[in-house]
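Asks: I would like to see how this sequence folds:
(chains A and B)
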Protein chains: 2
Amino acid sequence: MGMERRGEGLRPGRTLMSTKPTYTLHYWPGIPGRGEYVRLAFEAAGEPYTDDMDVKTLGKLVMSPDVVGHPPHFAPPVLEFPAPASAKRAKTQAGQSVSGGGTQSVFISQTPAILAYLGPKLGLVGDVEGEEEAVREVRRAQVNQLVLTALDLSNEAHDVHHPVATSQYYEDQKDEAIRRAEDFRKNRIPKFFQHFEQVLSSNPAKSHRLVGSSTTTADLVLFQVLDGIQFAFPRRWAALEKSGKYPMLFEMKNSVAGEEKLKAYLASNRRQEYGMGLFRHYEELDADE
Amino acid sequence: MGMERRGEGLRPGRTLMSTKPTYTLHYWPGIPGRGEYVRLAFEAAGEPYTDDMDVKTLGKLVMSPDVVGHPPHFAPPVLEFPAPASAKRAKTQAGQSVSGGGTQSVFISQTPAILAYLGPKLGLVGDVEGEEEAVREVRRAQVNQLVLTALDLSNEAHDVHHPVATSQYYEDQKDEAIRRAEDFRKNRIPKFFQHFEQVLSSNPAKSHRLVGSSTTTADLVLFQVLDGIQFAFPRRWAALEKSGKYPMLFEMKNSVAGEEKLKAYLASNRRQEYGMGLFRHYEELDADE
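Replies: Okay, here's the model as predicted:
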């Protein structure tokens, strides 16, 4: 593939072909974290994206309406893309491009909002050709619902190691974490697993996917939450797999990981290792039951 | 207004005029809870809705794909409405109507998914006539983002009184709750208030609304979260109001409550009192700072 260079050999009026991807994902470096839910959507769809993990840029993006325009953002991940071209109104609310280029950018934060925006554009909401808009709207709402439930499980997995305050060290809330971890392992994980097993088994498409027969953002988020729980609670994970109670859930995880593009991504060095982020492994928080 | 009765005086082929609202909201009785975020959208828009608080029906709706079709639901609130009429595919995934009538229903759960679905239909996403679709999509994503951030604050307010396990009594996690409440009052509330003050002050429309100049679902959710926090933490609320640091936030709350339709709703007996739900007042969890 030839490399296009800006401003070289262009006839006046010709559209500038740029190699710069449309979307930039801004997220903390060093952990998959919540940024991974967005990253997986780009990877599964084969959509090029700029993966910005620059801490200085992130500092500028959060709580800074002077940089990002209106509305400002509470926390990463933040998605950046060019403001709709002919949209005066959007332009007044757009911010400065921080991913390079002179155009004005729009910024969206909150993982489920980013995924609900990107899903239809990346072909990750199960659209079927020729169907009417009302049907699509309902399916998008259902995919959104399942994304949100999977992210609730993600949040609870995080709160296990930070039950008192996210701003304090784990070591200073370890006793509370041990209590919360027991409830998470015994009650919460099985409740969520049972729900998603039911979603998979009641899907008329019998597809190892949550909705319809193609991969949606809900599958990608659930895959990542399950993968994170497997990392953080390996003993509990193994016991639940062995129990045989959630066969479709475990199959679904393997099936998503086996998709060609995702398989390549997961084996690449773009896939970051878990560490001290959303999903953490502490020996004392894990157990068979 | 005349009462229409089904099957009376109808000529064949005439469309049946029904007084039954399109939407039914299913939620627990006795508390505003998370159902209130959806209820406020109907009330603000003047959209008739059936407010179902029957515990037996709710029991049938949760974790029951045999009743609601695919996908099943993890928890209320659940929104029910008629399945798109000519949609074969949707019909195979629809469930039984539990709100009366013989038609098949579609069910959606997860507060942000319900609001993202209803927002455009109820005129609560700030659409401006004549603007292009790409601009609307971005604004909807921004409204969705702000709904999600306000609901994060709502979730944290809940977790203050249940930091260890939602399935256990408050009294059995009171020590942990006291620790968490201190962090919530001192760090989390101010951080969220600062963010929303910034959203309001950077809105180019200068409208006492979060996005544009008309009321969106984001305003309604934020209003309700603020109202809940005022109930649960009255001392902290008063101190923050007195501090003068968040003038636009407090003004916005009063401005939303003063809207004609909402004012009538808030004064009616349809508005339920806070109790032992999402927002709870415990003397020992509140303080000036």
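
Asks: Now name the helix or strand holding the most centrally placed residue in chain A.
Replies: With distances taken as Cα atoms, centre = their mean, A:Y37 lies nearest the centre of chain A, 1.2 Å away. Here A:Y37 sits within helix A:35-45, counting by DSSP states H and E.

Asks: just to revisit the earlier point, pretty sure the residue nearest to the centre of chain A contacts A:L222?
Replies: No: using Cβ atoms under 8 Å, A:Y37 is not in contact with A:L222; the gap is 10.0 Å. From N, CA and C alone the C-beta is placed, and that goes for glycine too.

Asks: that older thread, tell me which strands the very next helix or strand once past the helix holding A:Y37 pairs with, and in which orientation.
Replies: Heading C-terminal from helix A:35-45, the first helix or strand you meet, by DSSP H and E, is strand A:49-52. With DSSP bridges as the test, strand A:49-52 is paired with strand A:23-26 (parallel).

Asks: Only the buried residues of stretch A:98-112, if you could.
Replies: By neighbour count with 16 or more other Cβ atoms under 10 Å in any protein chain shown, stretch A:98-112 contains the buried residues A:V98, A:S99, A:Q104, A:S105, A:V106, A:F107, A:I108, A:S109, A:Q110, A:T111, A:P112.

Asks: now those in TSV, with distance to B:D288?
Replies: Listed next are the buried residues of stretch A:98-112 as TSV, based on distance: Cβ to Cβ, whole Å:
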residue	distance to B:D288
A:V98	40
A:S99	44
A:Q104	44
A:S105	42
A:V106	40
A:F107	36
A:I108	37
A:S109	32
A:Q110	31
A:T111	35
A:P112	35
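
Asks: Now intersect those with the helices, please.
Replies: A:T111, A:P112 (DSSP state H).

Asks: which among the buried residues of stretch A:98-112 are in contact with chain B?
Replies: A:V106, A:I108, A:S109, A:Q110, A:P112 (Cβ under 8 Å from any Cβ of the partner chain).

Asks: Against A:P71, how distant is A:A238?
Replies: 44 Å (Cβ to Cβ, to the nearest Å).

Asks: and those two? which has more neighbours close in?
Replies: A:P71 (26 against 12; other Cβ atoms under 10 Å in any protein chain shown).

Asks: pretty sure the more buried one contacts B:S201?
Replies: No: if you go by Cβ under 8 Å, A:P71 and B:S201 don't touch, sitting 10.7 Å apart.

Asks: neighbours around A:E197, how many?
Replies: Around A:E197 there are 18 residues (other Cβ under 10 Å).

Asks: what's the host helix or strand of it in contact with?
Replies: Assigned by DSSP H and E, A:E197 belongs to helix A:189-202. Helix A:189-202 is contacted from outside by A:146, A:149-150, A:152-153, A:208-210, A:222, A:229, A:233, A:236, A:240, A:245-249, A:252, B:63, B:65-66, B:69-72, B:74, using Cβ atoms under 8 Å, 6 or more residues apart in numbering or on different chains.

Asks: The same query, at a cut-off of 7 Å, please.
Replies: With Cβ atoms under 7 Å, 6 or more residues apart in numbering or on different chains as the test, helix A:189-202 has contacts from A:146, A:149, A:153, A:210, A:222, A:229, A:236, A:240, A:246, A:248-249, A:252, B:63, B:65, B:70-72, B:74.

Asks: Tell me which of those fall in helices.
Replies: Using DSSP H, the contacts of helix A:189-202 in helices are A:L146, A:T149, A:L153, A:L222, A:I229, A:R236, A:L240, A:M248, A:L249, A:M252, B:P65.

Asks: Return the member of these nearest to B:Y282.
Replies: A:L153 (27.6 Å; Cβ to Cβ).

Asks: residues touching that closest one, list them.
Replies: Contacts of A:L153 (Cβ under 7 Å, 6+ apart): A:F192, A:V225.

Asks: Tell me how far A:L222 lies from A:Y169.
Replies: For A:L222, the distance to A:Y169 - Cβ to Cβ - is 30 Å.

Asks: Who has more neighbours out of the two?
Replies: Neighbours per residue (other Cβ under 10 Å) separate A:L222 from A:Y169, with A:L222 holding more: 28 against 9.
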